[in-house]
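Student: What would the 3D arrangement of this be:
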Amino acid sequence: MAKQAATQPLHRIAERVRFCTRCGTMHPALDDGKRVCGDCGMGVLLTAQAGAIADPGDPFLVVSEELRVVAVSQSAEQMFGNEASLLSHPLLSALSSSEGDDALARAVRRAAMGSRDVVTLPVRAASAVARDAGPLEARIAACGPPRAALVVIELALRAL
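Tutor: Down below sits the predicted model:
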């Protein structure tokens, strides 16, 4: 039993990834105590489930349990507008879902509270640039510390 307990943390580390909230760069999951990205020097390093961000260039927002945007990746700025206009603003002013804003808000709150579920929802963006990109999906997962929701935006796959 002690052997299982000793291997458990390594298993959990392999299932997690550290990423920069600004440039999206992936970093080794081992905790080296660093909190600021060494690549861009601007973002905070957070941890999320492996696979929450498929590509470091994916646009994403980090959102609090109160549904306020607390971090904006550079690629999300290109899609939603500049960081200053998004920070501290309600997520629902930038995104909505055809499944209902309540479903989007519920998924984001659960993730921000630490849910292990990764939820994918169809979303629509308020910005013209994002609307012109085509149908979008949001992959929503927990991240932190501190606890928050990672909302990764990607083009929805269209049925053939």
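Student: ok, and for the helix or strand that contains E154, which residues are buried?
Tutor: In the assignment (DSSP states H and E), E154 maps to strand 148-155. Across strand 148-155, burial judged by 16 or more other C-beta atoms under 10 Å covers 148-154. For glycine as for every other residue, the C-beta is placed from the backbone atoms N, C-alpha and C.
Student: Show me the helices in this structure, by range?
Tutor: In the chain, the helices defined using DSSP state H lie at 2-14, 74-80, 83-86, 101-112, 128-132.
Student: ok, of the ones you listed, where does mean pLDDT dip lowest?
Tutor: Ranked by mean pLDDT, those end with helix 2-14 at the bottom, a mean of 40.
Student: Redo the buried residues of strand 148-155 as TSV? Include distance to E65 and pLDDT.
Tutor: Output for these, formatted as TSV (distance: C-beta to C-beta, whole Å; pLDDT from 0 to 100):
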residue	distance to E65	pLDDT
A148	8	98
A149	8	98
L150	13	98
V151	13	98
V152	18	97
I153	20	94
E154	23	91
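Student: got any ranges where the protein has weak pLDDT?
Tutor: 1-14, 29-31, 157-160 (pLDDT under 70).
Student: run the last query once more with 90
Tutor: For the chain, applying pLDDT under 90 flags the ranges 1-17, 26-35, 38, 50-57, 78-81, 125-135, 155-160.
Student: Find the residue at the geometric middle of it.
Tutor: Computing the C-alpha centroid of the chain and ranking residues by C-alpha atoms, centre = their mean puts L150 first, at 2.2 Å.
Student: Name the residues linked to that residue by a beta bridge.
Tutor: Beta bridges link L150 to V62, A141, judged by DSSP bridges.
Student: before we move on, back to that, out of the buried residues of strand 148-155, which is nearest to G100?
Tutor: Nearest to G100 among the buried residues of strand 148-155, counting by C-beta to C-beta, is V151 at 16.0 Å.
Student: do you know how far that closest one is from K34?
Tutor: 24 Å (C-beta to C-beta, to the nearest Å).
Student: same question, S96
Tutor: 36 Å.
Student: Equivalent analysis for H27, please.
Tutor: Taking C-beta to C-beta, one finds H27 at 8 Å from K34.
Student: Done for today, thanks.
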